[in-house]
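Asker: Okay, predicted coordinates and the sequence, questions at the end:
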Amino acid sequence: MPHLLSARDDAFPALILRAEHVHHALQNHTFASSPVFAGKTIALLFYEPSTRTRVAFESAAHHLGLHPITINAQSSSIVKGESIRDTVQTLCSEGMDALVIRHPREGASEVAAHYASVPVLNAGDGSHEHPTQALTDRLTLQLAWGDLKGRKIAIVGDVAHSRVARSNVWSLTQAGMEVWLCAPPTLLPPSFAGVKTTSCLSEALEGADAVMTLRMQNERMEGGLLPGLGAYVRDYQINASNLRYANPDCLILHPGPINRGVEIDDETANSAQSLILKQVQHGLAARITALEFALNGV
Ligand code: NCD
């Protein structure tokens, strides 16, 4: 079954190639969906809030001729205590052809895939993985640079709770990038093979070709991990003053949602080097590619 649960999936490199092709077809208004998708129905099962990911999956479904049904946990039988297993089996019995799931707990998409009789796509599971965001970000960097090999990226912020960081580590190291993770010591993950970690922002940004900043994911954080937001802003905010350590044409990424004035200042978020809205735009090609893969193989 072609589930997409992780950026480590064997299919990931092929998905990147396909996403680039889909992106250009969308740009040229030549994207044509295969008739195999027409009339199929997919469920978007969201146990957590979402704007970008949900809209991109819904829009991708429409581009493919699929019917998306979005289920918000707050307005479903989940609030009556239904388990993931029963919700997934119910949706499969209702004739869904694929399930997209976002859940606050790590491993939830694997549980869903275990019980589902149709492909499952992970739209973010706790602090674990977010493969379609990694697809979006890799596509964004490839469109900017072509080859990523040897380029340095610093991923800065609440790395410990970030599924985006985790999936990007797999994807960007696989592409040959030099990946640095930078956060206060309490927000750095224990260790990551092939990745450099530091709590010193100037070290992480030194010669960086790109920086990806992350939100404080308070919903996944135990209290007391930071002495105060003021100190965090002083030491880790991405702004013109800190960017002097990076390459002059350093690209700025953020998976959203942004907290302006915290992890990034307004000027940097709006700058010509910022690819933040490009990431959002490229999210559509990434989700079209992911749904094509799940429903039809690459
Ligand atoms: C992120 C997420 O939900 O994982 N956003 C996204 O999907 N683009 C990042 C976050 O919540 O901070």
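Answerer: Arrived safely.
Asker: Show me where this structure has its helices.
Answerer: Assigned by DSSP state H, the helices in the chain fall at 12-27, 52-63, 84-93, 108-115, 131-145, 163-174, 201-205, 229-236, 266-269, 276-296.
Asker: and the second one, what other elements does it pack with?
Answerer: So that's helix 52-63. strand 41-46, strand 67-72, strand 98-103, strand 120-125, helix 131-145, helix 276-296 (3 or more CB pairs under 8 Å, 6 or more residues apart in numbering; DSSP states H and E). Every C-beta, even on glycine, is put in place using the N, C-alpha and C of the backbone.
Asker: In a markdown table, list those along with mean pLDDT, mean neighbour count and distance to N218.
Answerer: Converted to a markdown table, the helices and strands packed on helix 52-63 look like this (pLDDT from 0 to 100; neighbours: other CB atoms under 10 Å; distance: least, CB to CB, whole Å):
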| stretch | mean pLDDT | mean neighbour count | distance to N218 |
| --- | --- | --- | --- |
| strand 41-46 | 97 | 23 | 19 |
| strand 67-72 | 95 | 17 | 21 |
| strand 98-103 | 97 | 27 | 17 |
| strand 120-125 | 98 | 27 | 16 |
| helix 131-145 | 98 | 25 | 19 |
| helix 276-296 | 97 | 23 | 21 |
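Asker: okay, those in a markdown table with distance to the ligand next?
Answerer: Below are the helices and strands packed on helix 52-63 laid out as a markdown table (distance: least, CB to the nearest ligand atom, whole Å):
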| stretch | distance to the ligand |
| --- | --- |
| strand 41-46 | 10 |
| strand 67-72 | 15 |
| strand 98-103 | 7 |
| strand 120-125 | 4 |
| helix 131-145 | 5 |
| helix 276-296 | 7 |
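Asker: okay if I get these as JSON lines plus distance to S171?
Answerer: Formatted as JSON lines, the helices and strands packed on helix 52-63 follow (distance: least, CB to CB, whole Å):
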{"stretch": "strand 41-46", "distance to S171": "23"}
{"stretch": "strand 67-72", "distance to S171": "25"}
{"stretch": "strand 98-103", "distance to S171": "19"}
{"stretch": "strand 120-125", "distance to S171": "14"}
{"stretch": "helix 131-145", "distance to S171": "4"}
{"stretch": "helix 276-296", "distance to S171": "11"}
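Asker: Compare the ones you listed and give me the one nearest G256.
Answerer: Evaluated over the helices and strands packed on helix 52-63, closeness to G256 peaks at helix 276-296, with 6.7 Å, by CB to CB.
Asker: Measure how that closest one sits relative to strand 67-72, angle-wise.
Answerer: Angle, helix 276-296 to strand 67-72, by axes from the mean of the first three to the mean of the last three CA atoms, to 10 degrees: 110 degrees.
Asker: So for stretch 68-87, first residue to last residue, what's the gap.
Answerer: Across stretch 68-87, the terminal residues are separated by 17 Å (CA to CA, to the nearest Å).
Asker: For burial, what's the neighbour tally of Q89?
Answerer: Counted with other CB atoms under 10 Å, the neighbours of Q89 add up to 15.
Asker: now it, nearest residue through space, not along the chain?
Answerer: In space, and not counting its chain neighbours, Q89 is closest to Y115: 5.7 Å by CB to CB, 6 or more residues apart in numbering.
Asker: Distance of D147 relative to the ligand?
Answerer: Noted for D147: a distance of 25 Å to the ligand, by CB to the nearest ligand atom, to the nearest Å.
Asker: For that residue, the count of nearby residues, please.
Answerer: 10.
Asker: List the residues that contact it.
Answerer: G176 (CB atoms under 8 Å, 6 or more residues apart in numbering).
Asker: again, only this time at 10 Å
Answerer: When contacts are counted by CB atoms under 10 Å, 6 or more residues apart in numbering, D147 touches 141, 175-176.
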